[in-house]
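**Student:** sequence and predicted structure are below.
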Protein chains: 2
Amino acid sequence: MAANEFSEKHRIVYYEADDTDQLTLAKLIDLFVLVSEDQNADLGITTEKIQSLGVGWVVTQYHIQIDQLPRTGETVTVKTRATAYNRYFAYREYWLLDATGKQLAYGEGIWVTMSYETRKIATIPAAIMAPYHSDPVTRLPRLPRPDRDDATATSRVKPYTVRYFDIDHNGHVNNAHYFDWMLDTLPAEFLRHHHATDVRIRFENEVKYGQQVTSAVTQPELTTTQHVVSFGTTTAVRATVQWTD
Amino acid sequence: MAANEFSEKHRIVYYEADDTDQLTLAKLIDLFVLVSEDQNADLGITTEKIQSLGVGWVVTQYHIQIDQLPRTGETVTVKTRATAYNRYFAYREYWLLDATGKQLAYGEGIWVTMSYETRKIATIPAAIMAPYHSDPVTRLPRLPRPDRDDATATSRVKPYTVRYFDIDHNGHVNNAHYFDWMLDTLPAEFLRHHHATDVRIRFENEVKYGQQVTSAVTQPELTTTQHVVSFGTTTAVRATVQWTD
């Protein structure tokens, strides 16, 4: 039996877009999480219910392929399916569609349940997976990883301090907020005139309120940016973004 | 004839709320601007049409009184009316209502048209005011100003650099983003356990991409915070916020 799909409409408003009226990558991630949470709630698996088991859903990796990001005022459909899972990982797919049903973006995400006690990955409680009719599998699809760093490349580095409003229910920096730091290392003129077409991102270690992080970017090619967000010697996030003009 | 009212419903989603599930002040401002822009568009006065006259709408001052901020998942009604205007200033009122029609917040804003050429206040073009049936008046209501600084008070100061995603259509820091800097000077524990009840804020000078600002806060009483955002010797924003626990 195929996994349940869930979709909802969303109007892109100006504060979800940049100054060219295009949905930001951070808000694209927010929409993916929103449709996941709305599906969870629709199936009776609310955030409160999951937290009562001592765990919270956390995304460890995304691969996103983008044809075109929607613009302020557009009403899009965001669709998701919790396609497959095993003991530790759940594989979700996402589609962003325009008003005519044309695909604007496709995303894959790997979700895990993090124990609030140990802050480590916990076995996914069987009860919370049942309503999705996801396929229990041994091997999940593997998402392509960010590129390895070229240690000889020159990087641009900026420091940031985690703000209260960066923190989410899980008590750490919300995944979408890493994009604020990652993309802020690129000049406004680059961001205004380039569009992301492919994003591979891994969230390796959580970052907490008040911590200082550095966001480093290298650009091995004009249309490829390689990002590392770290604190001390620990890597928090690693990502590779492909761009087109 | 009374000025036209305009209202719309909005579902508060998790990325518009803080980690206590409460709508943030920044997003409350975003909702006020959203309903203003949606009324403008509804009356045929789109942002493009206004910009074609060489000006953009900018808010110079708000006074907001808050009973209670809505929570993630709530559907609220945001209502506005362009109540009155004169040659240079337009006075707008805002209401945020819960699903039963109970008032959650009331806001007043002073809007001006800024010339893109001179970056200064310009006469409001008569053509763009006509559809609102606002009252042309000589004297507009005066909004209460933020308190004067107590020069002897000890302030906490944090530095920030303007990011690309802080910038809006008018080519400067979006008003809502000042709240990120202003409130980030307060400890998370204070923000988590206090609710803003009254906000008086004046936007005095615009801030541009890449500029360095400092955000300073003094707390003359436990339930009053006094904020100044500045660059060099220039004040960008001044605000007084009253809180309750």
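**Tutor:** Perfect, thanks for sending it.
**Student:** where does the residue sitting furthest away from the middle of chain A sit: helix, strand or coil?
**Tutor:** Here chain A reaches farthest from its C-alpha mean at residue A:152, the gap being 28.4 Å by C-alpha atoms, centre = their mean. Three-state assignment for residue A:152 (DSSP: H, G, I helix; E, B strand; the rest coil): coil.
**Student:** what distance do you get for it to chain B?
**Tutor:** According to C-beta to the nearest C-beta, to the nearest Å, residue A:152 and chain B sit 28 Å apart. From N, CA and C alone the C-beta is placed, and that goes for glycine too.
**Student:** report pLDDT for that residue.
**Tutor:** Confidence at residue A:152, expressed as pLDDT, is 73.
**Student:** mind listing what residue A:175 touches?
**Tutor:** Residues in contact with residue A:175, defined by C-beta atoms under 8 Å, 6 or more residues apart in numbering or on different chains, are A:29, A:33, A:59, A:203.
**Student:** one more: residue A:198?
**Tutor:** A:63-66, A:240-242.
**Student:** which of those residues are buried? Put it as a ChimeraX command.
**Tutor:** ChimeraX command restricting the contacts of residue A:198 to the buried ones, with burial defined by 16 or more other C-beta atoms under 10 Å in any protein chain shown:
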select /A:63,64,66,240,241,242
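**Student:** what's the farthest-apart pair in the contacts of residue A:198?
**Tutor:** A:66 and A:240 (13.7 Å; C-beta to C-beta).
**Student:** which neighbours do these two have in common?
**Tutor:** Both residue A:66 and residue A:240 are contacted by A:198-199, under the criterion C-beta under 8 Å, 6+ apart.
**Student:** on that earlier part again, among the contacts of residue A:198, name the ones in strands.
**Tutor:** A:63-66, A:240-242 (DSSP state E).
**Student:** what residues are up against residue A:191?
**Tutor:** By C-beta under 8 Å, 6+ apart, the contact set of residue A:191 is A:18, A:183, B:164.
**Student:** among these, who's most crowded?
**Tutor:** Within the contacts of residue A:191, residue A:183 tops the neighbour count with 25 neighbours, counted by other C-beta atoms under 10 Å in any protein chain shown.
**Student:** could you list the domains of chain A?
**Tutor:** A:5-136, A:156-244 (automatic domain parsing).
**Student:** for those, which one sits closest to residue B:103?
**Tutor:** Judging the domains of chain A by C-beta to C-beta, what sits closest to residue B:103 is domain A:5-136, at 22.8 Å.
**Student:** so how far does the closest one reach from one end to the other?
**Tutor:** 16 Å (C-alpha to C-alpha, to the nearest Å).
**Student:** avg pLDDT for that domain?
**Tutor:** 95.
**Student:** so, in contact with chain B or not, it?
**Tutor:** Yes - residues of domain A:5-136 contacting chain B under C-beta under 8 Å from any C-beta of the partner chain: A:13-15, A:18-19, A:24, A:26-27, A:30, A:33-34, A:37.
**Student:** on that earlier part again, for the contacts of residue A:175, pick the one with the most neighbours.
**Tutor:** For the contacts of residue A:175, the largest number of neighbours (other C-beta under 10 Å) sits with residue A:29, at 25 neighbours.
**Student:** and the closest residue in space to that residue that isn't next to it in sequence, how many neighbours?
**Tutor:** Of all residues beyond its chain neighbours, the one nearest residue A:29 is residue A:176 (4.3 Å), with distances taken as C-beta to C-beta, 6 or more residues apart in numbering or on different chains. By the measure other C-beta under 10 Å, the count of residues near residue A:176 is 21.
**Student:** nothing else from me, thank you.
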